[in-house]
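>>> Sequence plus predicted model, see below.
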Amino acid sequence: MGIFSPRFMPVFMCRLAHLFYIYHLGLLAKIISLINFFFFGIEIAVRCPIGPGLFFPHTQGTVIGAWEIGSNATIYQGVTLGAKELDFSYNESSRPSIGDGVTIGSGAKIMGNITVSNNARIGANAVVLIDIPSNALAAGVPAQVISRANPNATK
């Protein structure tokens, strides 16, 4: 019954909706996206390309309107990624870009033309208003970089 898992199915459905969007089947893409919202409480823009390995531990209240999301991202519940103001044309200049290996904590908000670089972590309920560098931990309202991991350090 893994296919009906609330961790697998929302990702599958967002990928299916994006595929339909790519093949100019916009109405079908929006229907799949609406079903995803209805059953799993997650709203994902059909235009947002998402790399492999996306993981949603929980989906309720999550809104994904990013320009792009890299591979192996983990996004917890209640996260909002999107434009600062109404953007029906879905412009890159008004949407966040999320790198590879990023973890975004519950309730975090990343709005506008923000870049969260590879392997960064965003703390729960953070409001990100600045670009976040690779391997950094950002937390707070507004979010500040509070630590940076050394990617070359051995454990």
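That came through fine. Numbering: from 1, shown residues only.
>>> How much space separates F38 from G65?
If you measure F38 against G65 using CB to CB, to the nearest Å, the figure is 18 Å. C-beta here means a position set from N, CA and C on the backbone, and glycine is covered the same way.
>>> doesn't K30 make contact with V46?
Yes - with contacts counted by CB atoms under 8 Å, V46 reaches K30, the gap being 6.4 Å.
>>> F38 and G65 - which one has more neighbours?
Neighbours around F38 and G65, counted as other CB atoms under 10 Å, are more numerous at G65. The numbers are 19 against 8.
>>> which one is the more buried one nearest to, not counting chain neighbours?
Nearest non-adjacent residue to G65, counting by CB to CB, 6 or more residues apart in numbering: G82, 3.4 Å away.
>>> ok so, going back, overlap of the contact sets of V46 and K30?
Common neighbours of V46 and K30, using CB atoms under 8 Å, 6 or more residues apart in numbering, are A17.
>>> Of the two, which one has the most company?
More crowded of V46 and K30, by other CB under 10 Å: V46, with 21 against 14.
>>> Tell me which helix or strand that one sits in.
Assigned by DSSP states H and E, V46 belongs to neither a helix nor a strand.
>>> what about I110, distance to N135?
In terms of CB to CB, I110 sits 17 Å off from N135.
>>> Mind checking which of those two has more residues around it?
Counting neighbours by other CB under 10 Å for I110 and for N135 shows that I110 has the greater number, 26 against 18.
>>> how much space is there between the more buried one and A17?
21 Å.
>>> before we move on, what about I69?
As judged by CB to CB, I69 and A17 stand 14 Å apart.
>>> cool, and G112?
Per CB to CB, G112 is found 24 Å from A17.
>>> higher neighbour count, these two?
Per other CB under 10 Å, whichever of G112 and A17 has more neighbours is A17, with 26 against 15.
>>> and the more buried one, that's in a strand?
No - per DSSP: H, G, I helix; E, B strand; the rest coil, A17 lies outside any strand segment and is helix.
>>> ok, it - contacts?
The contact partners of A17, taken as CB under 8 Å, 6+ apart, are A29, K30, I32, S33, N36, I44, V46.
>>> do the same with R47
Contact analysis of R47 by CB under 8 Å, 6+ apart lists H18, Y21, Y90.
>>> Sort those by pLDDT and name the bottom one.
Of all the contacts of R47, Y90 carries the smallest pLDDT score, 82.
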